[in-house]
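Undergrad: Fold the following.
(2 chains)
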Amino acid sequence: QKEVEQDPGPLSVPEGAIVSLNCTYSNSAFQYFMWYRQYSRKGPELLMYTYSSGNKEDGRFTAQVDKSSKYISLFIRDSQPSDSATYLCAMSPHLSGGYNKLIFGAGTRLAVHP
Amino acid sequence: GAGVSQSPRYKVAKRGQDVALRCDPISGHVSLFWYQQALGQGPEFLTYFQNEAQLDKSGLPSDRFFAERPEGSVSTLKIQRTQQEDSAVYLCASSLAQGFYYEQYFGPGTRLTVT
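TA: All right, here's what the predicted structure looks like:
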């Protein structure tokens, strides 16, 4: 079993819909939680970064972390066709070396159609 | 400003050949990471540099994989005697400094196909 599980989709929604993406994990040592967006033939780009449990909002994006359930979510409001991409969750333990050794989920492919 | 660049963007190698993949991080970035992304999967950590020091190479899949960053800027990932299972996109990322709150900026990757 992988340390981070993520439904690969694909997920297809109409423009303007609210999108919910999520990941579960098994390693209780994870402290830092991220969501990345990856367009085809591009590298991942950071969308949201959360430390430990809680919610964080940035524009149309909201990230939630529930460490008790080992479950993280990303919500996208008012989705746009330009949001069509693969969304990767990533997490890292608190390493003594002071760097993020990112463990990624498999990614969820999202298509937002006009 | 310029982001992380990688070259070549595409590489086709015959099984058994050696390959070298280059990463140019953002200027001044101290930390550098290599990841391997198989088709339909998320990236997997390979190795981490702080300046020229390779502090973590726990993700390198075999002793055929070797990475270096001799002057603390450009990095090269070398794969010897390539195998078909090495086919993947190799991503490089850099961050400004050591620490948990510094964003990793990814390059576009090198797509390696071993035939």
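
Undergrad: for chain B, which spans come out with low pLDDT?
TA: Chain B contains residues with pLDDT under 70 at B:1.

Undergrad: where do the strands sit along it?
TA: Along chain B, counting by DSSP state E, strands occupy B:5-7, B:10-13, B:19-24, B:31-37, B:44-50, B:53-56, B:65-68, B:75-79, B:88-95, B:105-106, B:110-114.

Undergrad: residues making contact with the last one?
TA: The contact list for strand B:110-114, computed with C-beta atoms under 8 Å, 6 or more residues apart in numbering or on different chains, reads B:6-15, B:19, B:21, B:79, B:82-84, B:86-90. In this view, the C-beta of every residue, glycine as well, is placed from N, C-alpha and C.

Undergrad: picking up where we left off before, which of the strands of chain B sits closest to residue A:83?
TA: Of all these, it is strand B:105-106 that lies closest to residue A:83, at 18.6 Å by C-beta to C-beta.

Undergrad: Is that closest one positioned near chain A?
TA: Yes: counting by C-beta under 8 Å from any C-beta of the partner chain, chain A is contacted by strand B:105-106 at residue B:106.

Undergrad: Packing partners of that strand?
TA: When contacts are defined as 3 or more C-beta pairs under 8 Å, 6 or more residues apart in numbering or on different chains; DSSP states H and E, strand B:105-106 packs onto strand B:88-95.

Undergrad: so the strand it packs on versus strand B:31-37, what angle?
TA: Here the directions of strand B:88-95 and strand B:31-37 differ by 160 degrees (axes from the mean of the first three to the mean of the last three C-alpha atoms, to 10 degrees).

Undergrad: Contacts made by strand B:88-95 with the rest, please.
TA: Against strand B:88-95 from outside (C-beta under 8 Å, 6+ apart): A:43-44, B:4, B:6, B:21, B:23, B:25-26, B:29-39, B:43, B:46, B:75, B:77, B:102-107, B:109-112.

Undergrad: Name the strands paired with it and say parallel or antiparallel.
TA: strand B:31-37 (antiparallel), strand B:105-106 (antiparallel), strand B:110-114 (antiparallel) (DSSP bridges).

Undergrad: Compute the inter-axis angle for that strand and strand B:75-79.
TA: Going by the same axes, to 10 degrees, strand B:88-95 makes 160 degrees with strand B:75-79.

Undergrad: Could you tell me the angle between strand B:88-95 and strand B:19-24?
TA: Orientation check (the same axes, to 10 degrees): strand B:88-95 against strand B:19-24 gives 30 degrees.

Undergrad: Tell me where chain A has helices.
TA: Along chain A, no segments are classed as helices by DSSP state H.

Undergrad: returning to that earlier point: quick one, which of the strands paired with strand B:88-95 is packed in tightest?
TA: Among the strands paired with strand B:88-95, strand B:31-37 has the highest mean neighbour count (mean count of other C-beta atoms under 10 Å in any protein chain shown), at a mean of 24.

Undergrad: who touches that one?
TA: A:99, A:102, B:23, B:25, B:43-50, B:59, B:61, B:67, B:69, B:75, B:77, B:88-98, B:102, B:104, B:109.

Undergrad: ok, 6 Å please
TA: Around strand B:31-37, the neighbours that count as contacts under C-beta atoms under 6 Å, 6 or more residues apart in numbering or on different chains are B:25, B:43-50, B:67, B:75, B:77, B:88-95, B:98.

Undergrad: How far away from the center of its chain is it?
TA: Relative to its chain's centre, strand B:31-37 lies at 5 Å (C-alpha atoms, centre = their mean, to the nearest Å).
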